[in-house]
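1. Here's a sequence, model it:
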Amino acid sequence: MKPARIVIQLLVVIGLLTALAVFHQSAVPHTVAMPAAHAQAAPALPEQLFSNGDIVLRHGIGLVSEVFASFSQTEKKYSHAGIVSIEHGHAYVYHTMGGSDNALGTCRRDRLAYFCRPVACSAMAVYRYDAEPTALASMVQQAQAHYRAQLQFDEAFDLDTDAQMYCSEFIYKVTTRATNDENYLPLTHYKNTPFVAIDNLYLNTHATHIYSQPQ
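-> So this is what the prediction gives:
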């Protein structure tokens, strides 16, 4: 992808997210309840295959998701990602997102089946890093801490700040801090400005494919 096109698409996404958030907040109360049917039309996922610290990716449905997927320079297959946590025998996903589906803009904790529901995505995959168990546990602990702190989604896509994080930045920072290795995951660069593309999260020497739908 040409650098100029990346910048244009980033501006488009920021504008779309802002417009969607303003519209949604004006149309509904500020406190938004989760849907009653958390597994609504959910695919059958083999949760027993998944572990703490796994990375789940999905390709969302809609224009914004297509733009996010296009930021990846090698494989434009996924548009969103989160960190898996096994809690009371069930797989949950911690992730950051903006737009009308998350009016508050804070870090979310969703059941894996809900995160991967067909109405929200057309494809999903789970990858596992080769980090030590203590590092994988640290990833989950950090994600949970960000959730409790109501970390905001970063609509400016600024990798230099920690007060807000976009989804792939969230995973990148949690992972590099847990492994104590700032080079554990690769970055994509526009001129001298780094950003975390979705394919940086799984197209690397540390990630192993565990599961995907469609297979």
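2. okay, CA-based contacts and neighbour counts for the rest of this
-> Noted.
3. Check whether residue 65 really touches residue 79, as I assumed.
-> Yes - the criterion here is CA atoms under 8 Å, and residue 65 meets it with residue 79 at 5.3 Å.
4. Grab the most central residue of this protein for me.
-> Nearest to the mean C-alpha position of the chain, by CA atoms, centre = their mean, lies residue 81 at 2.7 Å.
5. Quick one: residues contacting the closest residue to residue 182 other than its chain neighbours.
-> Sequence neighbours aside, residue 176 is the residue nearest to residue 182 in space, at 5.0 Å (criterion: CA to CA, 6 or more residues apart in numbering). By CA atoms under 8 Å, 6 or more residues apart in numbering, the contact list for residue 176 reads 182, 183, 184, 185.
6. I'd like the next helix or strand past the helix or strand bottoming out on mean pLDDT in the chain.
-> Ranking every helix and strand in the chain by mean pLDDT, DSSP states H and E puts helix 3-27 at the bottom, with a mean of 43. Downstream of helix 3-27, the next assigned helix or strand under DSSP states H and E is strand 55-60.
7. Which other helices and strands does whichever helix or strand comes after that next one contact?
-> Downstream of strand 55-60, the next assigned helix or strand under DSSP H and E is helix 63-70. On a contact count with 3 or more CA pairs under 8 Å, 6 or more residues apart in numbering; DSSP states H and E, helix 63-70 meets helix 3-27, strand 55-60, strand 80-87.
8. what inclination does the helix or strand following the last one have with respect to strand 80-87?
-> Okay, so that is strand 80-87. Scanning forward in sequence from strand 80-87 by DSSP H and E, the next helix or strand is strand 90-95. For strand 90-95 against strand 80-87, the angle by axes from the mean of the first three to the mean of the last three CA atoms, to 10 degrees is 140 degrees.
9. Centre of the chain to strand 90-95, how far?
-> 11 Å (CA atoms, centre = their mean, to the nearest Å).
10. what residues does that strand touch?
-> With CA under 8 Å, 6+ apart, strand 90-95 has contacts from 47, 50, 56, 81-86, 107-112, 115, 143-144, 147, 167, 170.
11. Tell me the strands beside that strand, with direction?
-> In the sheet, strand 90-95 lines up against strand 80-87 (antiparallel), strand 108-111 (antiparallel) (DSSP bridges).
12. and for the shortest one, what are the contacting residues?
-> Outside strand 108-111, the residues that touch it by CA under 8 Å, 6+ apart are 38, 39, 90, 91, 92, 93, 94, 95, 96, 97, 147.
13. Among those, find me the one that's closest to residue 203.
-> Of all the contacts of strand 108-111, residue 95 has the smallest distance to residue 203: 19.3 Å, by CA to CA.
14. In space, what's closest to the closest one - neighbours in sequence excluded?
-> residue 82 (4.5 Å).
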